[in-house]
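Peer 1: test case, fold it:
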Amino acid sequence: MGLHVVYAFTHDSIALGEDGSTHQPVEQLASLRAVPRLVVVRPADANETASAWRVAVETCDRPVALVLTRQNVRTLDRTQFAAADGLQRGAYILADAPNSKPELILIASGSEVALIVAAQQQLLTQNIQARIVSMPSWEMFDGQSQEYRGMVLPPAIGARLAVEAGVAQGWHRYVGDRGDVIAVDHFGASA
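Peer 2: Got it, this is the predicted structure:
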């Protein structure tokens, strides 16, 4: 209907505690992303959340779903990482490989961005150069120019890993045939 509606979801992943499968919404992100014209935004930290609210307020021609976490996630130091307003393009290079020649691209949304930040540091101890991409909104990223999308995810770099605490459905279009996805394609067990 083109209405300006903002949905705020507060339990974004399986890392929510002891309540079992009823509190492990592994399918919810995929379900939301399947809704035509709905912009789904899953910010990584407080800075991205502020930028996400700006997107939600300024998007007047369709609904926006903000998928937030109740987990304690650290706020990234934006003097060491790219500015959070990169969220407005759907995905952005949070941190490039130190030598600016990545061998691998790590992609995540929401609370899993902290995991790929830590993974990049671990990979550096093994002399593996990795780019970190925060991808809070597929819909906004898909709306960018081919040039921008190719700059963030260069086709020549086939080694890609996406990380999200939900089903893997849909991520393969970003990681390609040579990439992989770490996801959760099953429910946990209650009690």
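
Peer 1: so where's this structure shaky on pLDDT?
Peer 2: Scanning the chain for pLDDT under 70 picks out 11-24, 188-191.

Peer 1: change it to 90
Peer 2: Low-confidence segments of the chain, defined by pLDDT under 90: 1-3, 9-28, 69-73, 165-166, 184-191.

Peer 1: okay, helices next: where are they in it?
Peer 2: For the chain, the helices defined by DSSP state H cover 28-33, 46-58, 113-124, 138-142, 146-152, 172-175.

Peer 1: for the residue nearest the centre of the chain, what are its contacts?
Peer 2: Most central in the chain under C-alpha atoms, centre = their mean is Ser109, positioned 1.6 Å from the mean C-alpha point. Residues near Ser109 by C-beta atoms under 8 Å, 6 or more residues apart in numbering: 42, 44, 134-136, 164. C-beta: built from backbone N, CA, C; applies to glycine.

Peer 1: would you list the helices of the chain in JSON lines and tack on distance to Leu3 and mean neighbour count?
Peer 2: Shown next, in JSON lines, are the helices of the chain (distance: least, C-beta to C-beta, whole Å; neighbours: other C-beta atoms under 10 Å):
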{"stretch": "helix 28-33", "distance to Leu3": "16", "mean neighbour count": "18"}
{"stretch": "helix 46-58", "distance to Leu3": "13", "mean neighbour count": "17"}
{"stretch": "helix 113-124", "distance to Leu3": "30", "mean neighbour count": "17"}
{"stretch": "helix 138-142", "distance to Leu3": "16", "mean neighbour count": "18"}
{"stretch": "helix 146-152", "distance to Leu3": "28", "mean neighbour count": "13"}
{"stretch": "helix 172-175", "distance to Leu3": "28", "mean neighbour count": "16"}
